[in-house]
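Peer 1: predicted coordinates and the sequence they were generated for:
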Amino acid sequence: MKPTYAIAILTTATLATALAVVPAQAAGEWTTTAGAQAFYGSYSGSTERDAITGYGAVVLANYLERGGFALGLNRTDIKMNPGTEDIGQNALFASGKLNFTPDGMAGSFTGRFDVHVIDNDDASNDTDGVKAYAPQVSYLSHDKRRYFDLGYARSNYRNDLDVNQYTPTVGFALNDGADWVQLRGWFIDPSNADRAQGKSSTSALEAKLTHWFVSNKPLGLDNVRLSALIGERIYAVDQDAGVVINLADIQRGGVSMGGEWKFGKSVSLLAILSRDNYRNATLSDDYSLTSGYLWLAFQW
Amino acid sequence: MKAWMAVLFLMVAASSVWADESSWQKSYRLEAAGKYAEASAALDSTNGRVDADFILMRRGWLSYLQGRYNEAVNFYGQAISRNPKSLEARNGITLPLLAQQRWRETASHARQVIGESAWDYTAHQRLMVAEEGERNWKTLAGHAAQVAERYPTDATALVYLARAHAWMGNTKAAKEAYGRVLNRVPGHIEATSYIAGNP
């Protein structure tokens, strides 16, 4: 039986939010956010996997409204069940973006380019040495009520596998901007079905809802988030989270809920609970991952 | 015949006047006629060595009036580069930046003016707009209260103070601020509407 290794790193970071939102009170021309993240997940019903832990750091900087960059480093360790070797992984993420505000349009465009480099000790090399390149063009209306983006990702894996991914996305505000809805289509085409659980293409729809509290904040929360994924996806590059899910198994839906606290003007804490379902077709193994994620950020 | 002579005389006189008008006069005349692009072009023949930053600011203003905001930002930016001490150029650039809703960049320029001239009204007003755009209600409330203290006859700062309190759910404080707006501008639509909606 060929071992199939699952690597899923820090899947629900809110990098997109951090990249996009910078407060007006920032006095300088640069606004910088540095954050630490931690992740723990427990597998249920998996033949191979037992638990996953991760931690990492991300630095994001924006220059006024003109552009910005981000750098991230994550460490992930997967504890396997007896008979299968554990896996340790390091992932490097770099991103740059430029904003354009054309005259005559009621919004601005952003061009963004992400690079991911992953190194792990997967003995099969199937999930090791991954490189992913992910450009994205997005539009946000001035009133911040409408958003769309078109993302593309090209991932190169060892052992004869390349993956093309297309992620058209729309977002819109409700209730005077107190709620934000984002819908993203995931269309992923692995070049080699033998390396992708027999799949030459997968598709999924992801829906996210964020609600901000202006007053009467329950538990002191600044905002709460709900997310759901329906359909199937494999080898996804998540540009919101800034991660490559170099998981050799198929994700078949998932849900998450989270909340964010803000302490003063410069400190925030985000907590997310998730449950995701997976299938390893080779082993006919359906299993789930229940996980928790923390992101502590400092901004200046 | 006399009438024709009179018309001819007036035409010659008018053309003579226009022929003698300076580039600046022509530019102002065209602006007043709403011909902003022509008003900007009229400055081509001005002596660029004199009042170079003023020419750039005026071009920035005329580009702004045409809705050519990126061009306006470029002109004002050049004016700032030529005269970094110009408070007017920094206040000027906030206009196209606000039109593009570039709040942070607006705030950056407004703060630089405030750093030189602590209670420059224009800079504070533009900064309040930026704070509102960023939905930074707590900061806006504190800032607007300070401006209202310095400019007690001004209704604008009180409107921002009221909006900030309203967004934070402080109805009582919002009503009080809107009430003060009505003392200065009786019939103010926004203030009247809020107070009527929150008896």
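Peer 2: Sure, I can see it.
Peer 1: report the closest residue of chain B relative to chain A.
Peer 2: Closest residue of chain B to chain A, C-beta to the nearest C-beta: B:G169 (3.1 Å). Using the backbone N, CA and C atoms, a C-beta is placed for each residue, glycine as well.
Peer 1: which SS class is that residue?
Peer 2: Secondary structure, DSSP: H, G, I helix; E, B strand; the rest coil: B:G169 is coil.
Peer 1: and the nearest residue to it once chain neighbours are set aside, what element?
Peer 2: Distances taken as C-beta to C-beta, 6 or more residues apart in numbering or on different chains place A:S215 nearest to B:G169, at 3.1 Å, with adjacent residues excluded. Secondary structure assignment for A:S215, by DSSP states H and E: no helix or strand.
Peer 1: related to what we said a few turns ago, could you pull up phi and psi at the residue of chain B closest to chain A?
Peer 2: phi 80, psi 10 (degrees, to the nearest 10).
Peer 1: for the one 3 residues further on, same thing?
Peer 2: The phi/psi pair for B:K172 (degrees, to the nearest 10) reads phi -60, psi -50.
Peer 1: what's the burial count for it?
Peer 2: 9 (other C-beta atoms under 10 Å in any protein chain shown).
Peer 1: same thing with A:F213?
Peer 2: Neighbourhood size, A:F213 [other C-beta under 10 Å]: 16.
Peer 1: centroid residue for chain A?
Peer 2: Computing the C-alpha centroid of chain A and ranking residues by C-alpha atoms, centre = their mean puts A:A241 first, at 2.3 Å.
Peer 1: that residue: what secondary structure?
Peer 2: Under three-state DSSP, the three-state class of A:A241 is coil.
Peer 1: check which helix or strand covers B:S27.
Peer 2: helix B:23-32.
Peer 1: brain fart, A:S291
Peer 2: Per DSSP H and E: strand A:285-299 holds A:S291.
Peer 1: next one: B:N47
Peer 2: Applying DSSP H and E, one finds B:N47 in no helix or strand.
Peer 1: quick one: residues contacting A:L289.
Peer 2: A:A8, A:G41, A:S42, A:Y43, A:S44, A:R49, A:I52, A:S274, A:R275, A:D276, A:Y278 (C-beta atoms under 8 Å, 6 or more residues apart in numbering or on different chains).
Peer 1: for beta bridges, what are the partners of it?
Peer 2: A:Y43, A:D276 (DSSP bridges).
Peer 1: tell me the spacing between it and A:I245.
Peer 2: According to C-beta to C-beta, to the nearest Å, A:L289 and A:I245 sit 11 Å apart.
Peer 1: per-residue pLDDT, A:A106?
Peer 2: According to the prediction, A:A106 has pLDDT 89.
Peer 1: for it, phi and psi?
Peer 2: Per-residue torsions, A:A106: phi -90, psi 40 (degrees, to the nearest 10).
Peer 1: how about A:K97: what's its closest non-neighbour residue?
Peer 2: A:R112 (4.0 Å).
Peer 1: buried ones in the host helix or strand of that neighbour?
Peer 2: Assigned by DSSP H and E, A:R112 belongs to strand A:107-120. For strand A:107-120, burial by neighbour count (16 or more other C-beta atoms under 10 Å in any protein chain shown) applies to A:G107, A:S108, A:T110, A:R112, A:D114, A:H116, A:I118, A:N120.
Peer 1: stretch B:23-38 now?
Peer 2: B:K26, B:S27, B:L30, B:E31, B:Y36.
Peer 1: can you pull the contacts of the fourth one?
Peer 2: It refers to B:E31. B:A39, B:L62, B:L65.
Peer 1: mind putting those residues into CSV with secondary structure?
Peer 2: Formatted as CSV, the contacts of B:E31 follow (three-state DSSP):
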residue, secondary structure
B:A39, helix
B:L62, helix
B:L65, helix
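Peer 1: which of those has the most neighbours?
Peer 2: Neighbour max across those (other C-beta under 10 Å) = B:L62, 25 neighbours.
Peer 1: need the nearest residue in space to it, chain neighbours excluded.
Peer 2: B:S40 (4.2 Å).
Peer 1: which residues in chain B form helices?
Peer 2: Ranges of helices in chain B, per DSSP state H, are B:2-20, B:23-32, B:36-41, B:52-65, B:69-82, B:87-99, B:103-116, B:121-133, B:137-150, B:156-167, B:171-184, B:189-197.
Peer 1: on that earlier part again, between the buried residues of strand A:107-120, which is nearest B:N183?
Peer 2: A:G107 (38.5 Å; C-beta to C-beta).
Peer 1: so A:I272 sits against A:R225, correct?
Peer 2: Yes: contact criterion C-beta atoms under 8 Å: A:I272 and A:R225 qualify, at 7.2 Å.
Peer 1: give me the common contacts of these two.
Peer 2: A:S256, A:M257, A:G258.
Peer 1: re earlier: what's the residue nearest to B:G169 sitting at in phi/psi?
Peer 2: Backbone torsions of A:S215, given as degrees, to the nearest 10, read phi -140, psi 180.
Peer 1: pLDDT wise, what is it at?
Peer 2: In this model, A:S215 is scored at 75, pLDDT.
Peer 1: which bits of the stretch 101-250 of chain A sit near chain B?
Peer 2: A:T101, A:P102, A:D103, A:G104, A:S108, A:H142, A:D143, A:G177, A:V214, A:S215, A:N216 (C-beta under 8 Å from any C-beta of the partner chain).
Peer 1: sorry, back to before: the helices of chain B into CSV, with extra columns for mean pLDDT?
Peer 2: Formatted as CSV, the helices of chain B follow (pLDDT from 0 to 100):
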stretch, mean pLDDT
helix B:2-20, 53
helix B:23-32, 95
helix B:36-41, 96
helix B:52-65, 96
helix B:69-82, 97
helix B:87-99, 97
helix B:103-116, 96
helix B:121-133, 97
helix B:137-150, 97
helix B:156-167, 97
helix B:171-184, 97
helix B:189-197, 97
